[in-house]
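> Sequence first, predicted model second:
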Amino acid sequence: GALVGLDLIKEHVKVRNDSAGFSTTFGKFEIHGETLYQRAYGRKDDDYFDWVTGFTYTIDDLAKKVFLEQIDWTIDFAKEDVMRLQDSTTYVKSSEDGRVGRNNLVTRALFKYDEKIRLLGGINFDFLQGGKTMLAGGEYKVRDGLVVKLYTEVFKGNETSYYGQWRENSRILGNLEYSF
């Protein structure tokens, strides 16, 4: 017989997430890491282990020579390991394509001019799908509790990569942050 109808239902799968993290310093180095384990109930999604680790190095001697107060350079590596694939007969697809940071290198440089002005530049490389996103901008502290931020974000990659899907959406971001 003919197929009369097909209903697709979007469901938020019940999962359990366990996570941990650490951070410590050694001189001008700050070393950090985080991990997350997701277990999906009923095998409705993948069970996976995500982790990120890296360091931040503070450069103040060189910064002073170029009229800056401080430069912080951060490098992080993020990886995902799938422990068990989604395998439920009533589910068509796992969340794999929507999970970012499955094999990425993220680097960032923060340039602090003084207590009021900070500039930032960074790149996120996705080794798994070949895309990348780049961020550059700055922040200005108008007064205690009031910060103005302006950034540009550019997405690159082929149309099937995570960041490539966004390549027509490169943007300028403005933010007014008020703390009270």
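Cool, got the structure. Residues are numbered from 1 along each chain as shown.

> my read: Thr160 touches Gln129, true?
Yes - look at Thr160 against Gln129 with CB atoms under 8 Å: they come within range, at 7.1 Å. (C-beta placed from N, C-alpha, C; glycine too.)

> tell me the SS of Glu159?
The three-state assignment at Glu159 reads coil, by DSSP: H, G, I helix; E, B strand; the rest coil.

> what do you get for Asp114?
coil.

> let's number from 835 now, not from 1
Got it, first residue is 835 now, which makes that one Asp948.

> Now do the same contact list for the closest residue to it other than its chain neighbours.
For Asp948, ignoring the flanking residues on the chain, the nearest one in space by CB to CB, 6 or more residues apart in numbering is Glu903 at 5.7 Å. Contact analysis of Glu903 by CB atoms under 8 Å, 6 or more residues apart in numbering lists Asp894, Ala897, Lys946, Tyr947, Asp948.

> Now for the chain, the helix or strand with the poorest mean pLDDT.
Counting by mean pLDDT, DSSP states H and E, the weakest-scoring helix or strand in the chain turns out to be helix 895-899, with a mean of 90.

> And stretch 923-940, what's buried?
The neighbour-count check on stretch 923-940 (16 or more other CB atoms under 10 Å) flags Ser928, Arg933, Gly935, Arg936, Asn938, Val940 as buried.

> List of residues touching that stretch?
Applying CB under 8 Å, 6+ apart, the set of residues contacting stretch 923-940 is 842, 847, 878-880, 882, 884, 886, 888, 908-914, 916, 919-920, 956-962, 996.
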